[in-house]
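Q: sharing a model that was predicted from the sequence below.
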Amino acid sequence: MATVRPPVLAGTWYPADPRRLRDLVANYLAGADRRQAPAGVPVIALAPHAGYEYSGRVAGKAHGLLAGIPYAAVFILAPSHRAHLDRPALSGLDAFATPLGEVRVATDIVRELAASGAFCVNDRAHAFEHAIEIQLPFLQCALPAETPIVPILVPHLTARRRADAARALDRWRDGRHLFLVSSDLTHYGAEYGYVPFADDIPERLEKLDSGAILRFLAHDGPGLAAYGLETGITMCGLEAAVLALDAPAPSGHQSVLAGYERSADRSGDYSLSVSYAAAVISDPGAVLATGPAATEAAATLASGGTSDPAARAAPADAPLASGSLDDAERRFLAHLAREAVVAAVCGGPPPVAARSATAAGISLSPRLRANRGAFVTLTRRGHLRGCIGYIEGIKPLVEAVVDNGGSAAVNDPRFAPVREDELNDLHVEVSALTPLRAVAGPQDIEIGRHGVVLAKGRRRAVFLPQVAPEQGWDLATTLEHLACKAGLPADAWREDCEFQVFEAEICTE
């Protein structure tokens, strides 16, 4: 019988409801700027581990750069906040659970590391530790299903024991495995027993944190260890980071700081503050089946369209569509989307629209060949399973449906790829969009009729017209959720936002 560590943070540090949790993590992942992704395969990452309200946005910027990568396993190196240890501690369990399901432990790797003598197995230390569990919903939403983990709690180590542990880990530093360091940065304030300065706190905190971040980005484990001794920085996962970095850097490695915030940035009261950073180090020579570039377009589309925040707007009097579709055309588009889904899931070539139309006894009319935006939405037993599309008409409608049917099935970064055994339960829906039209403000948005694009600065998000009615939201609630999806505060829609609307013809099987 499998042994499973149950979640202990659900309902407190993050939502216990699976749908709310998945939606929240998807919003955080959408905040990652994939243009920052360094060349090659990320092999070491840094993400914070506070409650999602505090550090979720920063954590999403790290995990979002990992989305879709088929790692053989993820080593999660984290501090031990509750247990005193003399060696890094592994878990002897078969899986760790969250509200989103179970995450399998790579028990074969655990056995090999334990046999080295440099690690111990201590599930009492793992039982209530938050630093590993807080990363799991992100991994479940960002990485392919069944990606196993190797949970490791890293205490303060002597130089000898650190070297022994690093040597035992060497065989997995091959570009096929990810070393994820779970750590917050400076814990400042009397409550943490760390007040090295009392004036210019925000600036000096940033300078202190920068010293650790720069050494991490440089893949300088010894330098980070020395910096910790020199400054006394209260970076709880410093030892975990040093162990992850305690090996020669990949040749030509690249790195990026994807996010940085302090908990006190929201309140302005820096008498008590914890710092959070997101960072990634890549190996340009590593080769996997897919990488960040393979999901870049999918992430952009899943968050609502082009990477350019200033999408082209149609004239205010734009018609409903370039010729409304008839019933046969709508049924054909839904059928074509399903063919694309099946092909992507089963590894076959995408359907050819003209050939599919001939088989269906339908001609490719000008309406089907016109350039139009289109989304393909997949649901399974009433739950969203994937949704990707083009918000603008960059391709003929039939080609957009083929592209996005396959992408919704296997490239939506919020979900694991659809499996063959799920195909019979999938409901496929196509939304053929009208051109975007700029409106003066929320007063011009009609719930149930309009899809909405909200933009503020470089932040942008979209909802299809059917989202609000399905959720039972009024206009204000819709815009609050849309602002959150864009990575903004819920009330950000009330000022300095730009809005565009569109309509959709819904095509179902």
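A: In hand now; what should we look at?
Q: mind saving the C-alpha coords of stretch 71-83 as PDB?
A: The C-alpha coordinates for stretch 71-83 follow below in PDB (Å, rounded to 0.1, in the frame of the first residue of the first chain):
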ATOM      1  CA  TYR A  71      12.200  16.700 -16.300                       C
ATOM      2  CA  ALA A  72      13.000  13.200 -15.300                       C
ATOM      3  CA  ALA A  73      12.600  14.400 -11.700                       C
ATOM      4  CA  VAL A  74      12.700  17.500  -9.600                       C
ATOM      5  CA  PHE A  75      14.900  17.700  -6.500                       C
ATOM      6  CA  ILE A  76      13.400  20.100  -4.000                       C
ATOM      7  CA  LEU A  77      16.000  21.400  -1.700                       C
ATOM      8  CA  ALA A  78      14.500  23.300   1.300                       C
ATOM      9  CA  PRO A  79      15.400  24.300   4.800                       C
ATOM     10  CA  SER A  80      14.200  22.400   7.900                       C
ATOM     11  CA  HIS A  81      12.200  24.900  10.000                       C
ATOM     12  CA  ARG A  82      11.100  22.400  12.700                       C
ATOM     13  CA  ALA A  83      13.500  19.600  13.000                       C
END
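Q: how about that stretch: buried residues?
A: Tyr71, Ala73, Val74, Phe75, Ile76, Leu77, Ala78, Pro79, Ser80 (16 or more other CB atoms under 10 Å). From N, CA and C alone the C-beta is placed, and that goes for glycine too.
Q: next one: it to chain centre, how far?
A: Centroid separation between stretch 71-83 and its chain, computed with CA atoms, centre = their mean, to the nearest Å, is 19 Å.
Q: any idea of the mean pLDDT in that stretch?
A: Mean pLDDT, stretch 71-83: 94.
Q: which residues of the stretch 51-200 of the chain fall in helices?
A: 52-63, 107-115, 123-126, 130-133, 136-142, 159-169 (DSSP state H, counting those that start in this stretch).
Q: ok, which of those helices comes nearest His84?
A: When those are compared by CB to CB, helix 123-126 sits nearest His84, at 8.7 Å.
Q: ok, and what's touching the closest one?
A: The contact list for helix 123-126, computed with CB atoms under 8 Å, 6 or more residues apart in numbering, reads Arg5, Ser80, Arg82, Ala83, Leu85, Ala89, Ser91, Gly92, Leu93, Ile132, Pro151, Leu153.
Q: can I get the helices of the stretch 51-200 of the chain in JSON lines with mean neighbour count, mean pLDDT and distance to Thr234?
A: Shown next, in JSON lines, are these (neighbours: other CB atoms under 10 Å; pLDDT from 0 to 100; distance: least, CB to CB, whole Å):
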{"stretch": "helix 52-63", "mean neighbour count": "24", "mean pLDDT": "95", "distance to Thr234": "15"}
{"stretch": "helix 107-115", "mean neighbour count": "16", "mean pLDDT": "96", "distance to Thr234": "28"}
{"stretch": "helix 123-126", "mean neighbour count": "17", "mean pLDDT": "96", "distance to Thr234": "21"}
{"stretch": "helix 130-133", "mean neighbour count": "24", "mean pLDDT": "96", "distance to Thr234": "14"}
{"stretch": "helix 136-142", "mean neighbour count": "25", "mean pLDDT": "94", "distance to Thr234": "24"}
{"stretch": "helix 159-169", "mean neighbour count": "17", "mean pLDDT": "96", "distance to Thr234": "20"}
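Q: make TSV out of the ones you listed and add distance to Val181.
A: Shown next, in TSV, are these (distance: least, CB to CB, whole Å):
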stretch	distance to Val181
helix 52-63	10
helix 107-115	17
helix 123-126	17
helix 130-133	10
helix 136-142	13
helix 159-169	13
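Q: out of those, the one nearest Glu480 is which?
A: helix 52-63 (15.9 Å).
Q: the closest one packs against which elements?
A: Here helix 52-63 is seen to pack against helix 18-30, strand 41-47, helix 136-142, strand 254-262, strand 273-283 when contacts are counted using 3 or more CB pairs under 8 Å, 6 or more residues apart in numbering; DSSP states H and E.
Q: export these to a markdown table and tack on distance to Ala115?
A: Putting those into a markdown table (distance: least, CB to CB, whole Å) gives the following:
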| stretch | distance to Ala115 |
| --- | --- |
| helix 18-30 | 35 |
| strand 41-47 | 24 |
| helix 136-142 | 26 |
| strand 254-262 | 33 |
| strand 273-283 | 27 |
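Q: of all those, which one is nearest Arg57?
A: Going by CB to CB, the one of those nearest Arg57 is helix 18-30, 5.8 Å.
Q: quick one: average confidence on the closest one?
A: Here the average pLDDT along helix 18-30 is 92.
Q: not counting its own residues, what contacts it?
A: Taking CB under 8 Å, 6+ apart as the rule, helix 18-30 contacts 10, 14-15, 52, 56-57, 59-61, 63-64, 67, 98-100, 137-138, 140-142, 299, 302-303, 383, 413-414, 461, 484-485, 487.
Q: related to what we said a few turns ago, which one of the contacts of helix 123-126 is nearest Ala115?
A: Gly92 (12.7 Å).
Q: neighbours around that closest one, how many?
A: 16 (other CB atoms under 10 Å).
Q: wait, Trp13 touches Ala131, no?
A: No. Shown here, Trp13 and Ala131 do not form a contact pair, counting by CB atoms under 8 Å, at 10.9 Å.
Q: now, which of the buried residues of stretch 71-83 sits nearest Ile201?
A: Nearest to Ile201 among the buried residues of stretch 71-83, with distances taken as CB to CB, is Pro79, at 24.0 Å.
Q: quick check on that closest one: phi, psi?
A: Torsion angles at Pro79 (phi, psi; degrees, to the nearest 10) stand at phi -80, psi 160.
Q: gap between it and Ala127?
A: 15 Å (CB to CB, to the nearest Å).
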